[in-house]
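>>> here is my input; please provide its structure:
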Amino acid sequence: MRITEVSLRNIKSYQDFTIRFPQGTIAISGPNGAGKSTILEAIGFALFDFLPYRNQREFMRHNALEADVRVTFLSRLDECPYQAVRTLKRASGSAETVTSTYYVYSLDTNRRVAQQKQDVQDFLRSHVGLDDYADLARVFDNVIGVPQGRLTADFLLTPAQRKGTFDPLLRVDAYRRVYEKLRDVLDALQGNVSEQERRVSALEPEA
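The predicted model follows:
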C-alpha cells in the first residue's frame, strides 16, 4: 500500500490542509508545533483506527463543529486508489460529545466500498496487506507510528512485558497452535514407526 495524499479539515492546528506524497522516501520536517505529528496521527486515525487521545474531540480544531480526515492510498491488493474517510461532528448542544462516521471510498467507481467500523477494518487489513485478525491500532502504535522517545522502549521491558507486546504482533499464539497440532501428528507417526519396527523384529528369524 502507498499513501498518496492526506487531507485535513479542522484537525488540531489545520483548518483546511492537503499534503501529497510522491513515490519514494519522504521526510516531513519543520519546527516544533508545526503539525508534523498531526499528519502521522491522521494516517493512524484513518487507516488504523488509532488516536492517542482520550476523546476524539481533542483531535478537532478548537471551536470547530465538524472535522474530517481523508487519506488517499493505492491498494496493495488490487493497486486501485481508495480514500479512507473519518468525519467528526460535535453533538448539538454538547461541546463534549462527538459523533463519528467511518468509510472507504473508491476513486475508480465513485462509491463507498466499506462502511461501519468492522467492515472498514476488514477492508483495510486486506488492502494494507495484514492478516485477517491483525489488531490495526496495535500495529500502528507499536510498529508504524512509534514516537522517537518510544522507539526502543519496548525492547527495554522485562521478558514478560516484551512477550505481551510482541507476541500479538508476531502472532506467536498461531504458530504455537500449529506446532501443537504438528506435534500430535509427529507423535502418532513415531508411534506407528515403533509399532512397525516391533512387528518386523518379531518376524525376523532368531540367530
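>>> my read: residue 75 touches residue 124, true?
No. With contact defined as CB atoms under 8 Å, residue 75 does not count as touching residue 124 (9.6 Å). Where C-beta positions appear, they are placed from N, C-alpha and C, glycine not excepted.
>>> between those two, which has more neighbouring residues?
residue 124 (24 against 19; other CB atoms under 10 Å).
>>> who touches the residue most central in space within the chain in this structure?
Centroid check for the chain by CA atoms, centre = their mean gives residue 136 as the closest residue, at 2.5 Å. By CB atoms under 8 Å, 6 or more residues apart in numbering, the contact list for residue 136 reads 47-50, 121, 124-125, 130.
>>> look up how far residue 84 lies from it.
If you measure residue 136 against residue 84 using CB to CB, to the nearest Å, the figure is 11 Å.
>>> next one: residue 25
From residue 25 to residue 84 the distance is 22 Å (CB to CB).
>>> give me the more crowded residue out of these two.
More neighbours surround residue 84 than the other of residue 25 and residue 84, with 25 against 5 (other CB under 10 Å).
>>> pretty sure the more buried one sits against residue 104.
Yes. Using CB under 8 Å, residue 84 is in contact with residue 104, at 5.4 Å.
>>> buried sites along the helix ranked longest in the chain?
Taking DSSP state H as the criterion, the chain has its longest helix at helix 172-203. Neighbour counts over helix 172-203 (16 or more other CB atoms under 10 Å) mark no residue as buried.
>>> chain center to that helix: distance?
38 Å (CA atoms, centre = their mean, to the nearest Å).
>>> just stretch 29-38 next, same as before
For stretch 29-38, the separation from the chain centroid amounts to 23 Å (computed by CA atoms, centre = their mean).
>>> enumerate the positions of that stretch that are buried.
35, 38.
>>> one more: stretch 6-24?
In stretch 6-24, counting by 16+ other CB under 10 Å, buried: 6-12, 14, 17.
>>> related to what we said a few turns ago, possible to save the contacts of residue 136 as TSV with secondary structure, pLDDT and distance to residue 184?
Below are those laid out as TSV (DSSP: H, G, I helix; E, B strand; the rest coil; pLDDT from 0 to 100; distance: CB to CB, whole Å):
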residue	secondary structure	pLDDT	distance to residue 184
47	helix	96	39
48	helix	95	37
49	coil	94	37
50	coil	94	38
121	helix	95	34
124	helix	95	36
125	helix	94	30
130	coil	87	29
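>>> no more questions from me, cheers.
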